[in-house]
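>>> Next come a sequence and a model predicted from it.
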Amino acid sequence: MTISVSVRQVVGPQDAARRNTQGLRDGFVIEAMFQPGQVNLTYSHLDRMIVGGVVPTGEKLEIGHVAETGTGQFLERREAAIINIGGAGTVSVGGRNYPLGFQEAVYVGMGEGTLGFASDDPAEPALFYVLSAPAHRTCPTVHITRDMAKKVHLGSAEECNARTINQYVHPDVCESCQLLVGLTMFEPGSVWNTMPAHVHDRRMEVYLYFDMQEATRIFHFLGEPGETRHVVLKNREAVLSPGWSIHSGAGTGRYAFIWAMAGDNMSFTDMDKVPMESLR
């Protein structure tokens with residue numbers, strides 16, 4: 001079994017402002033993560049976050065040694081969170097099996113060992129979304145169901161952003177070293193996420209857009225507030241967001257997204273709000 005790993009260097013705000021569409025996609029967009037029978041990882045130099053997709057369609061897939069981390073084992077000095085956005089499957093680690101249904105997750109503490117992935121039905125495989133950040137201590141591994149997630153209701157129909165934020169890996173749900181992970185879902189007719197915009201220079205963030213129709217697209221906005229750009233994303237594509245960048249979007253139809261953060265501050269309310277008049 002081969003683990004495919006791509007590496008993304010850090011893109012600064014001045015560089016981003018000069019890039020064309022393909023240049024922005026090369027720096028920030030992660031495409032084609034979820035491929036049958038494959039493990040595809042992206043190693044970002046933004047807080048050393050690793051983002052990936054695992055789709056078991058036959059034999060069990062594993063993440064054990066990843067050369068790009070420079071360690072003997074993938075989780076030797078890392079923690080991870082895995083959310084299933086496909087058919088039923090199982091994540092195995094530390095001699096234990098964690099069955100994951102749709103939108104269920106498992107947080108895995110540092111040093112737990114090789115991660116294993118299997119689908120209950122290869123014809124309807126699990127789609128395991130993997131997020132991993134460096135860790136300095138071991139936190140307990142926890143299976144997180146949708147009912148366990150802390151739910152925060154924000155926005156309004158009038159502002160086209162009525163939504164529920166499901167906080168999965170969060171201090172109020174489970175202990176982690178620096179990972180924060182959640183899933184945002186929208187009320188019918190609401191299309192805007194993270195608007196009004198904000199930045200948080202203490203940590204990076206990554207969005208995975210999913211649960212979209214084939215023709216649905218997300219217009220995702222990035223860049224410094226006074227120098228914004230956009231990229232167009234389709235189902236199951238992710239976008240990296242440096243601490244200096246806004247991260248906001250609007251969809252042409254129904255969608256949901258998984259957000260994950262790593263960095264210095266673990267307070268979900270730690271953000272610098274951007275006044276609407278500052279956006280350009």
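Arrived safely, thanks for sending.
>>> So, low pLDDT: which residues of the stretch 51-200 of the chain?
Counting by pLDDT under 70, the stretch 51-200 of the chain contains no low-confidence segment.
>>> at 90 what do you get?
For the stretch 51-200 of the chain, the stretches with pLDDT under 90 are 58-59.
>>> Just the strands from it, written as ranges.
In the stretch 51-200 of the chain, the strands defined using DSSP state E, counting those that start in this stretch lie at 61-63, 78-84, 89-93, 96-100, 105-108, 115-119, 128-134, 142-144, 150-154, 163-169, 180-186, 192-193, 198-199.
>>> now those strands in TSV, with distance to Phe210?
From N, CA and C alone the C-beta is placed, and that goes for glycine too. Compiled in TSV, those are given as follows (distance: least, CB to CB, whole Å):
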stretch	distance to Phe210
strand 61-63	20
strand 78-84	10
strand 89-93	16
strand 96-100	15
strand 105-108	14
strand 115-119	17
strand 128-134	8
strand 142-144	17
strand 150-154	19
strand 163-169	13
strand 180-186	9
strand 192-193	13
strand 198-199	22
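>>> any chance of the ones you listed in TSV, plus mean neighbour count and distance to Ser6?
Formatted as TSV, those follow (neighbours: other CB atoms under 10 Å; distance: least, CB to CB, whole Å):
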stretch	mean neighbour count	distance to Ser6
strand 61-63	21	15
strand 78-84	26	18
strand 89-93	22	23
strand 96-100	17	25
strand 105-108	27	22
strand 115-119	23	19
strand 128-134	25	14
strand 142-144	20	28
strand 150-154	12	33
strand 163-169	22	24
strand 180-186	23	21
strand 192-193	20	25
strand 198-199	17	26
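>>> And those: which comes nearest Trp244?
Between Trp244 and those, the tightest spacing by CB to CB is seen for strand 198-199, at 6.3 Å.
>>> Partner strands of the helix or strand following the closest one and their direction?
Using DSSP states H and E, the next helix or strand after strand 198-199 towards the C-terminus is strand 203-210. Sheet pairing here is set by DSSP bridges, and for strand 203-210 it gives strand 237-241 (antiparallel), strand 256-263 (antiparallel).
>>> Quick one: closest of these to Glu104.
For those, the distance to Glu104 is smallest for strand 256-263, at 12.4 Å, taking CB to CB.
>>> Just the CA coordinates for that closest one, please, in PDB.
C-alpha atoms of strand 256-263 as PDB (Å, rounded to 0.1, in the frame of the first residue of the first chain):
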ATOM      1  CA  ALA A 256     -21.800  21.600   4.800                       C
ATOM      2  CA  PHE A 257     -18.200  22.000   5.800                       C
ATOM      3  CA  ILE A 258     -15.700  20.700   8.300                       C
ATOM      4  CA  TRP A 259     -13.400  23.200   9.900                       C
ATOM      5  CA  ALA A 260     -10.200  22.400  11.700                       C
ATOM      6  CA  MET A 261      -7.700  24.600  13.400                       C
ATOM      7  CA  ALA A 262      -4.200  24.300  15.000                       C
ATOM      8  CA  GLY A 263      -2.000  26.900  16.600                       C
END
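>>> orientation of that strand relative to strand 180-186 in degrees?
160 degrees (axes from the mean of the first three to the mean of the last three CA atoms, to 10 degrees).
>>> Quick one: distance of strand 256-263 to the chain centre.
Strand 256-263 sits 4 Å away from the centroid of its parent chain (CA atoms, centre = their mean, to the nearest Å).
>>> what sits up against it?
47-49, 51, 81, 83, 85, 129, 131, 133-134, 169, 178-186, 193, 200, 202-211, 243 (CB atoms under 8 Å, 6 or more residues apart in numbering).
>>> State the number of residues packed around Val274.
18 (other CB atoms under 10 Å).
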